[in-house]
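Asker: Here's my sequence, what's the structure:
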Amino acid sequence: MQFRQQALAKLQSPEELDLPVRFARPQGWLVLSVTVVVMAAASVWAVTGSVASTVTAPAILTHGQGSYVLQSPVSGQVTAVLAKQGERIGADAPVLKVRTAKGETVVRAVAAGRVNALAATMGAIIQTGANVASVEKVAGAKDPLFATVYVPAENAATIPDDAAVDLTVQSVPTQEYGVLRGQVKKVDRNAQTPQQITAFLGDSQLAEQFTKDGRPVAVLVRLDRSSGTKSGYKWSSTEGPPFRLDSMTMASGSIRMADERPIDWLLP
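Answerer: The predicted structure is shown next:
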């Protein structure tokens with residue numbers, strides 16, 4: 001109480017009345033000005049700005065029409081394998097010869113394409129409906145590649161048309177050659193079942209891999225073309241890898257989603 005009375009007495013002293021009162025130091029005004037400017041800029045950005053986000057999901061390079069699984073129409077023993085893995089075959093081309101109780105039958109391709117895999121081997125006993133080969137539907141060697149990205153279904157609605165996509169290709173060193181560029185061509189709004197993915201890729205193991213965390217949505221990506229690279233496609237590096245890309249190559253796709261307004265985050 002004694003100190004309080006002394007302080008009040010000092011303030012009321014006539015000797016102190018003629019001293020100037022300093023409301024704020026120059027440094028304080030500077031800090032205040034900067035704070036006001038930053039808050040104003042943040043408010044403007046919150047109303048007019050946007051935040052870009054991406055979703056990353058597994059992908060695979062294919063030709064746009066996909067693949068099909070060739071099944072044997074008969075039961076019997078394989079006596080000849082007439083097609084080779086990687087070979088391009090025409091529609092109705094012979095793939096296998098099978099000896100049945102009624103004689104020898106030739107198993108033929110359903111549509112033209114490239115043989116991705118052969119499940120039947122010489123001398124094997126197969127049953128009617130058994131998978132004997134996987135054939136990718138491709139008409140010519142110059143048919144362009146596409147990428148199919150299997151995105152979680154909850155993200156499908158926010159993928160805009162022509163969204164930019166960066167693809168990290170499994171067989172290409174990213175640090176040296178960068179990522180493959182592309183744009184969204186089509187978003188299938190229906191979640192894919194393992195059976196649908198198997199029918200498109202001709203590979204049930206890949207279907208299981210792509211659906212292990214739930215049924216995804218297939219996003220078809222058109223790869224950006226470039227005449228200045230060996231692969232024929234555009235990369236984040238100048239030249240890209242010194243080799244061509246093969247279909248059925250695994251990748252990881254990063255898709256730019258629709259921009260979000262930050263002001264929405266502040267609203268209840």
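Asker: Check the burial of Gln195 by counting its neighbours.
Answerer: Applying other C-beta atoms under 10 Å, we find 11 residues neighbouring Gln195. (Each C-beta comes from the backbone N, C-alpha and C, glycine too.)
Asker: wait, what's in contact with the nearest residue to it once chain neighbours are set aside?
Answerer: Once flanking residues are discounted, Gln195 sits nearest to Ala207: 7.5 Å by C-beta to C-beta, 6 or more residues apart in numbering. By C-beta atoms under 8 Å, 6 or more residues apart in numbering, the contact set of Ala207 is Pro194, Gln195, Ile197, Thr198, Leu201.
Asker: what are the ranges of the strands in the stretch 1-150 of the chain?
Answerer: For the stretch 1-150 of the chain, the strands defined by DSSP state E, counting those that start in this stretch cover 54-63, 67-71, 76-81, 88-89, 94-100, 103-108, 113-118, 125-126, 131-136, 145-152.
Asker: Return, as residue ranges, the portions of this protein with sub-threshold pLDDT.
Answerer: Along the chain, the parts satisfying pLDDT under 70 run over 1-52, 139-141, 258-268.
Asker: Let me have the strands of the stretch 1-150 of the chain in JSON lines, extended by mean neighbour count.
Answerer: Output for the strands of the stretch 1-150 of the chain, formatted as JSON lines (neighbours: other C-beta atoms under 10 Å):
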{"stretch": "strand 54-63", "mean neighbour count": "20"}
{"stretch": "strand 67-71", "mean neighbour count": "22"}
{"stretch": "strand 76-81", "mean neighbour count": "16"}
{"stretch": "strand 88-89", "mean neighbour count": "18"}
{"stretch": "strand 94-100", "mean neighbour count": "19"}
{"stretch": "strand 103-108", "mean neighbour count": "15"}
{"stretch": "strand 113-118", "mean neighbour count": "21"}
{"stretch": "strand 125-126", "mean neighbour count": "16"}
{"stretch": "strand 131-136", "mean neighbour count": "23"}
{"stretch": "strand 145-152", "mean neighbour count": "22"}
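Asker: Looking at these, which is nearest to Gly182?
Answerer: Nearest to Gly182 among the strands of the stretch 1-150 of the chain is strand 145-152 (5.9 Å), distances taken as C-beta to C-beta.
Asker: Could you list which of the contacts of Ala207 belong to strands?
Answerer: If you go by DSSP state E, the contacts of Ala207 have nothing in strands.
Asker: Of those, which is the most crowded?
Answerer: Highest neighbour count within the contacts of Ala207: Ile197, with 25 neighbours (other C-beta under 10 Å).
Asker: Report whether the expected contact of that residue with Phe210 is present.
Answerer: Yes: between Ile197 and Phe210 there is a contact under C-beta atoms under 8 Å: 5.7 Å.
Asker: which neighbours do those two share?
Answerer: Tyr150.
Asker: what's the first-to-last distance across stretch 159-177?
Answerer: One end of stretch 159-177 sits 27 Å from the other (C-alpha to C-alpha, to the nearest Å).
Asker: and that stretch, which residues are buried?
Answerer: Ile159, Ala163, Ala164, Val165, Asp166, Leu167, Thr168, Val169, Val172, Tyr177 (16 or more other C-beta atoms under 10 Å).
Asker: and of these, the nearest to Lys97?
Answerer: Val169 (37.8 Å).
Asker: which SS class is Gln209?
Answerer: Here Gln209 is recorded as helix under DSSP: H, G, I helix; E, B strand; the rest coil.
Asker: of the contacts of Ala207, closest to Val138?
Answerer: Within the contacts of Ala207, proximity to Val138 (C-beta to C-beta) peaks at Leu201, which comes in at 13.5 Å.
Asker: what's near enough to touch Val110?
Answerer: With contact set as C-beta under 8 Å, 6+ apart, Val110 has these partners: Tyr68, Leu70, Ala91, Val135.
Asker: CSV for the residues you listed, including distance to Ala147?
Answerer: CSV is the format used below for the contacts of Val110 (distance: C-beta to C-beta, whole Å):
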residue, distance to Ala147
Tyr68, 19
Leu70, 24
Ala91, 26
Val135, 20
